[in-house]
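S.K.: Dropping a prediction and its sequence here:
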Amino acid sequence: MSSISAQEAEELLSPRELFERFKIPLSTSAAWRCLGKGPRYVKLQKSVRYRLSDVHAWLDANTHDPSRRGAIPQPSDPIPMKRSRRNAPAQAKLRARDRSAKRCV
């Protein structure tokens, strides 16, 4: 975890404050909560807050080290495949249905 004081670690940030710090659209926070992604959050009545310590823990867990594998692709790396457009309309319909079915905080 990054070096932050105990008082800072328990600081509660609103979604707007959090995403202004990281330059991410505010709508992303709602999508992450709905999908179960992103940092842990606290629900206080109708308000959502993020503990700074949870945000730092989430950032640490999602930090990737490119030097670990090197810049040159390894022979064991899977070959990226093109997406098939044949099922695109059906997939779009499913995604739209899933979005409308989920009502998140």
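M.R.: Great, that's in hand.
S.K.: Any regions of the protein where pLDDT drops low?
M.R.: 1-9, 68-105 (pLDDT under 70).
S.K.: Do a quick rundown of the helices in it.
M.R.: 6-9, 15-22, 26-35, 52-61, 88-101 (DSSP state H).
S.K.: Ser14 versus the residue nearest to Val42 when sequence neighbours are not counted, what's the distance?
M.R.: Spatial nearest neighbour of Val42, chain neighbours left out: Arg49 (4.8 Å); criterion: Cβ to Cβ, 6 or more residues apart in numbering. The way it works is simple: take the backbone N, C-alpha and C, and place the C-beta from them, glycine included. Distance, Arg49 to Ser14, using Cβ to Cβ, to the nearest Å: 6 Å.
S.K.: Arg16 contacts Leu26, doesn't it?
M.R.: Yes - counting by Cβ atoms under 8 Å, Arg16 does reach Leu26; the two are 6.0 Å apart.
S.K.: Just confirm the residue nearest to Val42 contacts Leu13, I think it does.
M.R.: Yes - using Cβ under 8 Å, Arg49 makes contact with Leu13 at a distance of 6.5 Å.
S.K.: Look up the residues that both of Arg16 and Leu26 are in contact with.
M.R.: None of the residues lies in contact with both Arg16 and Leu26 under the rule Cβ atoms under 8 Å, 6 or more residues apart in numbering.
S.K.: residues near the spatially closest residue to Leu12 that is not a sequence neighbour, how many?
M.R.: Distances taken as Cβ to Cβ, 6+ apart place Arg49 nearest to Leu12, at 4.0 Å, with adjacent residues excluded. Close neighbours of Arg49, defined as other Cβ atoms under 10 Å, add up to 16.
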